[in-house]
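Novice: What shape does this take:
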Amino acid sequence: MNAILAIAHKDLKLLLRDKTGFFFTFFFPIIIAVFFGSIFSDNGGKPVGLHVMIVDDDQSAASEAFIAQLEASDELSVQRSLKEEAVEQVRLGKEVAYIEIKKGFGDAQERMFWGDPPEIEIGIDPARRGTSGMLQGILMKYGVNAFQKRFSDPSLMRRSIQDSLESIQSGSTMDDSRRKHLTGFLTELNAYLDQPTPIVDGPVSGNSGFGGMNPLVVTARDVALEKRGPQSGYSISFPQGIMWGIIGCAASFGVSLVIERTRGTLMRLQTAPIDQLHILGGKALACFVTTCVLAAGTLGIAILFFGIRPNSFPLLSISIVSISFEFVGIMMLLSVLGRTERSAAGIGWAVLMMMSMIGGGMLPLFIMPEWMQTASNISPVKWAMIAMEGSIWRQFSLNELLVPWMILWGIGSVGFLSGVWMFRRSRSE
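Specialist: Predicted structure coming up:
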């Protein structure tokens, strides 16, 4: 028992002496807890709504009133836009969805008993189809609210009845029997409104009452140009899998350099007639080749067995090379931040996990607070995912991929040069 206690005491003393390892053992989990708490909190009591763009093709008082309801809701955060801009933002994955209020929305609301119901179209990023049902439910809620309001206001009801009677009398497609019955019903309803007993303001079902009238019709479509949507869920999951594999490679190679240094392998290499830059270059080349082979092999499996068809193999190749270079630079920088194996592993995985969390690798960006979505721009993982998805299924053009490529190469260059400088400085001390 004394031996066990002595070993435990020794290990604890080593951990306390390694300040970096101590920090990532005891304090980093607290930071993670605070991080997730800030994401899932209610933002100081104010709910964070789903951010969508809204297009008003009708430009009527009714459509304006409907948009005002959405803007005042807790479920949505609404940004007004033109149709072309909204479609492009959703296609590029920068927005979750758009809502388009179709032409004739106001007129359709006036015709409660005749003609087509008000129509709304929502455009959804194919990678976020789960949002479609939630968004349709929110829109139906406010569509029913407008429907109920008209039923509870006798003056609005009378106007709708009168408009419907005029439309029925002028309509040439309705058969005489149906016209007669509907005219009689609306006439009786109009007479009923003149009675002193008010209409009860109760919930109105979209598929019941008055011949199955609908308060609103919501149609959903994926926002992508022809052949731009993912062929399947694998088109979305495989880039994520590749990303995690590359992160693992960067962390492993970063720790391996520390292991060679602590076990004397690096010193023996330095006694050979080679420069330090050769040693670091060989390590970087090995990491680069490994990440490229990993990405290519994983994509090969996806293509052969899961039916994934990248939109552009040349652009995808450039994206993979750019991502590999970026994480080689990150690996080089992380490898010199820790003095021991424990601290190097703690720093490497902590930094890479944080990059993944704020870059959308763990949680979809669209459910994060707005400040977190803005902060995600500093994450290399975000730009790597944009480059990967853009060349696999989002069908980005060359110009659209230039920005993420340049960011990837910039991060890789800064990381590599900083790592080399810090490594040489540490060896000279």
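Novice: Spell out which residues make up each domain of the chain.
Specialist: Taking automatic domain parsing as the reference, the chain has its domains at 50-222, 229-428.
Novice: Of these, which is nearest Phe23?
Specialist: Ranking the domains of the chain by proximity to Phe23 (C-beta to C-beta) places domain 229-428 first, at 7.8 Å. All C-beta spots, glycine's among them, are computed from the backbone N, C-alpha and C.
Novice: Mind putting the domains of the chain into TSV with mean pLDDT and mean neighbour count?
Specialist: Output for the domains of the chain, formatted as TSV (pLDDT from 0 to 100; neighbours: other C-beta atoms under 10 Å):
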stretch	mean pLDDT	mean neighbour count
domain 50-222	75	16
domain 229-428	82	18
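Novice: I'd like those written out as CSV, with distance to Arg17 added.
Specialist: Compiled in CSV, those are given as follows (distance: least, C-beta to C-beta, whole Å):
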stretch, distance to Arg17
domain 50-222, 47
domain 229-428, 9
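Novice: Lys19: which of these is closest?
Specialist: Closest of these to Lys19 is domain 229-428, at 8.2 Å (criterion: C-beta to C-beta).
Novice: Helix, strand, or coil at Leu337?
Specialist: coil (DSSP: H, G, I helix; E, B strand; the rest coil).
Novice: does the nearest residue to it once chain neighbours are set aside sit in a helix or strand, and which one?
Specialist: Excluding the flanking residues, the one nearest Leu337 by C-beta to C-beta, 6 or more residues apart in numbering is Ile347, at 4.9 Å. If you go by DSSP states H and E, Ile347 is part of helix 341-358.
Novice: following that helix, which helix or strand shows up next?
Specialist: Counting by DSSP H and E, the next helix or strand C-terminal to helix 341-358 is helix 370-375.
Novice: For the very next helix or strand once past that next one, name the packing helices and strands.
Specialist: Once the chain leaves helix 370-375, the next helix or strand it forms, by DSSP H and E, is helix 380-392. In terms of contacts (3 or more C-beta pairs under 8 Å, 6 or more residues apart in numbering; DSSP states H and E), helix 380-392 is packed against helix 234-262, helix 313-335, helix 341-358, helix 398-428.
Novice: Which one, of those helices, ends up nearest to Arg80?
Specialist: That would be helix 398-428 among these, by C-beta to C-beta, at 24.3 Å.
Novice: what inclination does the closest one have with respect to helix 234-262?
Specialist: Counting by axes from the mean of the first three to the mean of the last three C-alpha atoms, to 10 degrees, helix 398-428 lies at 10 degrees to helix 234-262.
Novice: Helix 398-428 to helix 380-392, inter-axis angle?
Specialist: Using the same axes, to 10 degrees, helix 398-428 lies at 140 degrees relative to helix 380-392.
Novice: Thank you kindly, that will do.
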